[in-house]
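Q: Below are the sequence and a predicted model; questions follow.
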Amino acid sequence: MKRSAYFLIAAAVLLMSLSSVLFLRGREHSVKAAPVSSSISNAGLIAAPGRVEAVSEEVRVSSELSGRLKSVSVEEGDRVQKGQVLAQIENDDYAARVAAAEAALAERQAELERTINGARSQERRASQASLKAAEAILENARREAERRRTLADHQMVSRDEAERYERAYQVARAEYERAQQEFSLVDADARVEDRRKAEAAVASARAQLAEARAYLEKTYVRSPLDGVILRKFRHAGESVSTQFDSPIVTLADDSLLRVRLDVDETDVAKLRVGQAAFVTAEAYGPVKFSGHVMRVGRILGRKNVRTEEPSEHVDTKILETLVQLDPGQVLPLGLRVDSFVFVGEGAEPKPQSPLHVW
């Protein structure tokens, strides 16, 4: 009786072991029978996984200056235009430099005008009056000196008195010559070297003002293109630096969409620029988004798009290919799609109405 029981137990254990082995083999067979290929080709068609991207790809916008953000005026999803202010760095010190440079330029320009125009009219008239006064004094001293000389010759005055008037005449003549030189200096045009020096000072001041304004302008972070804000990394009050990567936002021009395909190396010989193509996405069901091949890579590399399937071969070599979607078709950037390229003669994608996603 006991032997029969042992026999039945052993048979049951053997049967369970055999069932487990058959189950595991069947599961392994089912996994191997349905691998996800990165690029499947059949007659007239190449299929490959891809990912949607903007025509400009993603642009990381950062500041050219280090400092603290005064404001960030955009949010994720906002539409922006080229040149629009996205953020502002605190710039009171840069504004003060501009004001100082403007004042310095005004001062140099005034000096140049004074050099070109010479003395004021009042200074000219005063100098001319001084010259006429010195001329009158000189004429009077000359007459007195001649009169005393004549009287001394007739011994009517002493020789010492005649010599004293002669010395007064010489002093008056020297004063007249000094007044004459002063009037010539005031009335003369500016010398070439003085004018060039003043002009150089103005040019230097103007360059310093331009530099100060350029630095002030750099405190305004502007959009380099028309597009949409994808990510916002910084907020008002946070600091940015040029010493390390500190983007404020990322944006992209999504006016046209492209799909970057991972085409298997076995299919690269069939690809040509201009071939018709379309993409589908699981989220949009059977809707096809049409386009054409705009660029075919020239070097094989590793996969960019992963299917996350356990049986996927990650060591497969692929050729990057870009498909540009027709205008008016909108898909989320970064969406994984299934892409199909028509390589057979007469094969064309069926036209589909554009699907807009907001």
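A: Noted; the coordinates are in hand.
Q: List the buried residues in stretch 151-170.
A: Applying a neighbour-count criterion of 16 or more other C-beta atoms under 10 Å, one finds 152, 157, 162, 165-166, 168-169 buried in stretch 151-170. In this view, the C-beta of every residue, glycine as well, is placed from N, C-alpha and C.
Q: Also stretch 192-205?
A: For stretch 192-205, the neighbour count (16+ other C-beta under 10 Å) marks 198, 201-202, 205 as buried.
Q: what's the answer for stretch 165-185, then?
A: 165-166, 168-169, 172, 175-176, 179, 182-183.
Q: before we move on, the earlier item: mind checking which of the buried residues of stretch 192-205 are in helices?
A: 198, 201-202, 205 (DSSP state H).
Q: okay, these in CSV with pLDDT and distance to Gly291 next?
A: Formatted as CSV, those follow (pLDDT from 0 to 100; distance: C-beta to C-beta, whole Å):
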residue, pLDDT, distance to Gly291
Ala198, 88, 65
Ala201, 93, 61
Val202, 93, 58
Ala205, 95, 57
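Q: Return the member of the residues you listed nearest to Arg79.
A: Ala205 (41.7 Å; C-beta to C-beta).
Q: Contacts only, for that closest one.
A: Ala205 sits next to 101, 104-105, 107-109 when contact means C-beta atoms under 8 Å, 6 or more residues apart in numbering.
Q: roughly how far apart are it and Thr115?
A: 14 Å (C-beta to C-beta, to the nearest Å).
Q: How about Arg125?
A: 20 Å.
Q: which outside residues touch stretch 80-98?
A: 61, 63, 65, 67-74, 209, 212-213, 215-216, 218-229, 234, 240, 248-249, 251.
Q: next one: stretch 248-256
A: With contact meaning C-beta under 8 Å, 6+ apart, stretch 248-256 is reached by 53-63, 69, 72, 74, 80, 86-87, 221, 223, 225-234, 240, 324-325, 327, 330, 333.
Q: mind listing the helices for the stretch 101-250 of the chain?
A: 121-153, 159-187, 192-218 (DSSP state H, counting those that start in this stretch).
Q: For these, give me JSON lines that also has distance to Thr266.
A: Below are the helices of the stretch 101-250 of the chain laid out as JSON lines (distance: least, C-beta to C-beta, whole Å):
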{"stretch": "helix 121-153", "distance to Thr266": "94"}
{"stretch": "helix 159-187", "distance to Thr266": "94"}
{"stretch": "helix 192-218", "distance to Thr266": "51"}
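Q: For Val287, find the nearest of those helices.
A: That would be helix 192-218 among these, by C-beta to C-beta, at 45.5 Å.
Q: on that earlier part again, I'd like to know which of the buried residues of stretch 151-170 is nearest to Phe278.
A: Of the buried residues of stretch 151-170, the one sitting nearest to Phe278 (C-beta to C-beta) turns out to be Tyr169, at 113.2 Å.
Q: pLDDT weak spots in this protein?
A: Counting by pLDDT under 70, the chain contains low-confidence ranges at 1-43, 118-124, 183, 185-190, 306-316, 345-358.
Q: Kindly state the domain boundaries assigned to it.
A: Following automatic domain parsing, one finds the domains of the chain at 30-55+254-342, 59-89+219-252, 98-213.
Q: what about Asp245, neighbour count?
A: 8 (other C-beta atoms under 10 Å).
Q: Next, count neighbours for Ser339.
A: 27.
Q: That one in helix, strand or coil?
A: When classified by DSSP: H, G, I helix; E, B strand; the rest coil, Ser339 comes out as strand.
Q: For the closest residue to it other than its chain neighbours, the count of nearby residues, please.
A: Counting by C-beta to C-beta, 6 or more residues apart in numbering, Gly50 is the residue found nearest to Ser339 once chain neighbours are left out, at 4.1 Å. For Gly50, the count of nearby residues is 27 (other C-beta under 10 Å).
Q: do Ala87 as well
A: Ala87, neighbours per other C-beta under 10 Å, totals 24.
Q: Could you do the one 3 residues further on as well?
A: The number of residues packed near Glu90 is 15, by other C-beta under 10 Å.
Q: The residue positioned nearest the centre of the chain: what's it in contact with?
A: The centre of the chain sits closest to Pro224, judged by C-alpha atoms, centre = their mean, with a distance of 6.6 Å. Contacts of Pro224 were listed using C-beta under 8 Å, 6+ apart, and they are 59, 61, 82.
Q: Between these, which sits nearest Ala269?
A: Val59 (34.5 Å).
Q: Looks like the closest one contacts Ile229 (just checking).
A: No - judged on C-beta atoms under 8 Å, Val59 makes no contact with Ile229 at a distance of 10.5 Å.
Q: Pull up the pairing partners for the helix or strand hosting Val259, direction included.
A: For Val259, the host element (DSSP states H and E) is strand 257-264. According to DSSP bridges, strand 257-264 forms sheet pairs with strand 45-54 (antiparallel), strand 318-325 (antiparallel).
Q: Kindly export that strand (C-alpha atoms) in PDB.
A: Extracted C-alpha coordinates of strand 257-264, given in PDB (Å, rounded to 0.1, in the frame of the first residue of the first chain):
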ATOM      1  CA  LEU A 257       7.800  69.300 -38.000                       C
ATOM      2  CA  ARG A 258      10.400  66.700 -38.800                       C
ATOM      3  CA  VAL A 259      10.700  63.000 -37.800                       C
ATOM      4  CA  ARG A 260      14.100  61.500 -37.100                       C
ATOM      5  CA  LEU A 261      14.100  57.900 -38.200                       C
ATOM      6  CA  ASP A 262      16.300  55.000 -37.200                       C
ATOM      7  CA  VAL A 263      16.600  53.000 -40.500                       C
ATOM      8  CA  ASP A 264      18.100  49.600 -40.200                       C
END
